[in-house]
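Enquirer: Quick one, structure for this:
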Amino acid sequence: MYVGGIVGCSSGVIENVKANFNISAGKEIQKTVIESFYAGGICGQANIVKKAKASGEISLAYGNIYWRVNNGRIGGIVGSGSVLEQVDSEVAISVWAKDKGYVGGVAGTVYEGGSVKNATFYGSLKDSEDNFVYGESPLYSACGGIIGGSLSSDVEISNCISAPKAFETSFTSYWISPIIGTNATYDY
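Expert: Here you go, the predicted model:
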């Protein structure tokens with residue numbers, strides 16, 4: 001599932017855009033599991049995003065306690081992307097994942113060979129709690145002010161500012177950092 005303030009999924013270039021949005025889970029009470037979920041203030045899954053600004057809210061599973069995400073990639077600008085340049089996120093993100101989650105103020109994940117340059121994050125992150133509906137704790141969460149995590153060691157992050165208004169997680173197993181959530185020994 002791909003959800004974005006401008007577009008759900010793009011393999012091209014998104015440039016000179018601004019979005020103010022509210023992305024949230026449905027209100028139906030049902031035990032729904034989405035296996036892969038990409039949500040972003042500009043684009044759920046993107047190739048290149050330049051000169052973009054996003055504000056608003058991504059709120060998943062707080063209004064509907066039965067809704068869960070497996071393998072979620074959620075970010076203030078993109079859920080997952082390759083190249084992000086001159087992007088600003090003032091998004092309030094609150095997510096409750098069932099399994100693995102990558103949550104970032106700018107990007108949930110960045111692909112191999114990708115980059116995040118001249119990005120800012122001034123929103124907030126509230127990432128997950130134990131999953132009492134399914135009777136299990138989530139596997140892990142990677143939560144970062146700029147990116148939740150990278151899918152390789154070949155990612156450039158430069159000239160970024162992460163100054164969130166709130167930054168918290170209550171996962172029993174998590175990786176959390178002001179810049180990059182994953183604890184991999186990658187060279188950024």
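
Enquirer: Which neighbouring elements make contact with the strand or helix carrying residue 92?
Expert: Counting by DSSP states H and E, the element that carries residue 92 is strand 78-95. Packing partners of strand 78-95 (3 or more CB pairs under 8 Å, 6 or more residues apart in numbering; DSSP states H and E): strand 2-4, strand 37-40, strand 43-45, strand 48-60, strand 72-75, strand 101-104, strand 107-121, strand 124-127. C-beta here means a position set from N, CA and C on the backbone, and glycine is covered the same way.

Enquirer: To residue 94, which of those lies closest?
Expert: strand 124-127 (4.2 Å; CB to CB).

Enquirer: immediately after that closest one, which helix or strand?
Expert: Immediately after strand 124-127, counting by DSSP H and E, sits strand 141-144.

Enquirer: Could you list every helix and strand in contact with that next one?
Expert: Identification of packing neighbours for strand 141-144 by 3+ CB pairs under 8 Å, 6+ apart yields strand 101-104, strand 124-127, strand 166-169, strand 174-177.

Enquirer: before we move on, the earlier item: dump the helices and strands packed on strand 78-95 to TSV, plus distance to residue 146.
Expert: Output for these, formatted as TSV (distance: least, CB to CB, whole Å):
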stretch	distance to residue 146
strand 2-4	18
strand 37-40	14
strand 43-45	17
strand 48-60	14
strand 72-75	9
strand 101-104	6
strand 107-121	6
strand 124-127	11
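
Enquirer: between the ones you listed, which gets nearest to residue 18?
Expert: strand 48-60 (4.7 Å).

Enquirer: Which positions in the closest one come out as buried?
Expert: By neighbour count with 16 or more other CB atoms under 10 Å, strand 48-60 contains the buried residues 48-50, 52-60.

Enquirer: tell me the mean pLDDT for that strand?
Expert: Across strand 48-60, pLDDT averages out at 92.

Enquirer: Contact partners for the residue nearest to residue 21 when sequence neighbours are not counted?
Expert: Spatial nearest neighbour of residue 21, excluding adjacent residues (CB to CB, 6 or more residues apart in numbering): residue 5 at 3.7 Å. Going by CB atoms under 8 Å, 6 or more residues apart in numbering, residue 5 touches 19-21, 23, 40-43, 54, 56.

Enquirer: of the residues you listed, the lowest pLDDT goes to which?
Expert: Comparing the contacts of residue 5 by pLDDT, residue 23 comes last, at 81.

Enquirer: so how many other residues sit close to that residue?
Expert: Number of residues near residue 23 (other CB atoms under 10 Å) recorded here: 19.

Enquirer: Same check on residue 1?
Expert: Considering only other CB under 10 Å, residue 1 is surrounded by 14 other residues.

Enquirer: measure the residue nearest to residue 21 to residue 53 for me?
Expert: Residue 5 is 10 Å from residue 53, where distance means CB to CB, to the nearest Å.

Enquirer: Residue 12 is nearest to which of the helices and strands packed on strand 78-95?
Expert: Closest to residue 12 of these is strand 48-60 (CB to CB; 7.3 Å).
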